[in-house]
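**Student:** sequence below, structure please.
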Amino acid sequence: MARLEVDRAFLRLPRGSLKISRTLLALATLFCFVAAGSHEAYAALASMEVGITVLFLLLYLLRLDARIWASPGRWL
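**Tutor:** Alright, predicted model coming up:
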């Protein structure tokens, strides 16, 4: 099995900084919905957004997007 490499340069790129700030903003939104005691649907939606943005951040951080597009027949 191939090793996964962490692309540390991605964090310093504008695209990486934007993904990190979007993740932090989604997390702050989740905390606000939970702290305000709002309806559970809003907190669930905010938690789904946090999960999706974290997964996309990991996708680009581990360079899995390049591996997927490099070999469409087998992903990992």
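
**Student:** what about the residue nearest to the spatial centre of the chain, distance to Tyr60?
**Tutor:** With distances taken as CA atoms, centre = their mean, Val54 lies nearest the centre of the chain, 2.3 Å away. For Val54, the distance to Tyr60 (CB to CB, to the nearest Å) stands at 11 Å. (C-beta placed from N, C-alpha, C; glycine too.)

**Student:** same question for Leu4.
**Tutor:** 12 Å.

**Student:** the two: which is more packed in?
**Tutor:** For the pair Leu4 and Tyr60, the greater number of neighbours falls to Tyr60 (17 against 12), based on other CB atoms under 10 Å.

**Student:** not counting its neighbours along the chain, what's nearest that one?
**Tutor:** The spatially closest residue to Tyr60, leaving aside those adjacent along the chain, is Phe10, at 5.9 Å (CB to CB, 6 or more residues apart in numbering).

**Student:** ok, the one you found - how many residues close by?
**Tutor:** Around Phe10 there are 17 other residues, counting by other CB under 10 Å.

**Student:** any regions of this protein where pLDDT drops low?
**Tutor:** 1-2, 70-76 (pLDDT under 70).

**Student:** now the helices for it?
**Tutor:** 14-36, 40-61, 64-70 (DSSP state H).

**Student:** what's the first one packed up against?
**Tutor:** The reference is to helix 14-36. helix 40-61 (3 or more CB pairs under 8 Å, 6 or more residues apart in numbering; DSSP states H and E).
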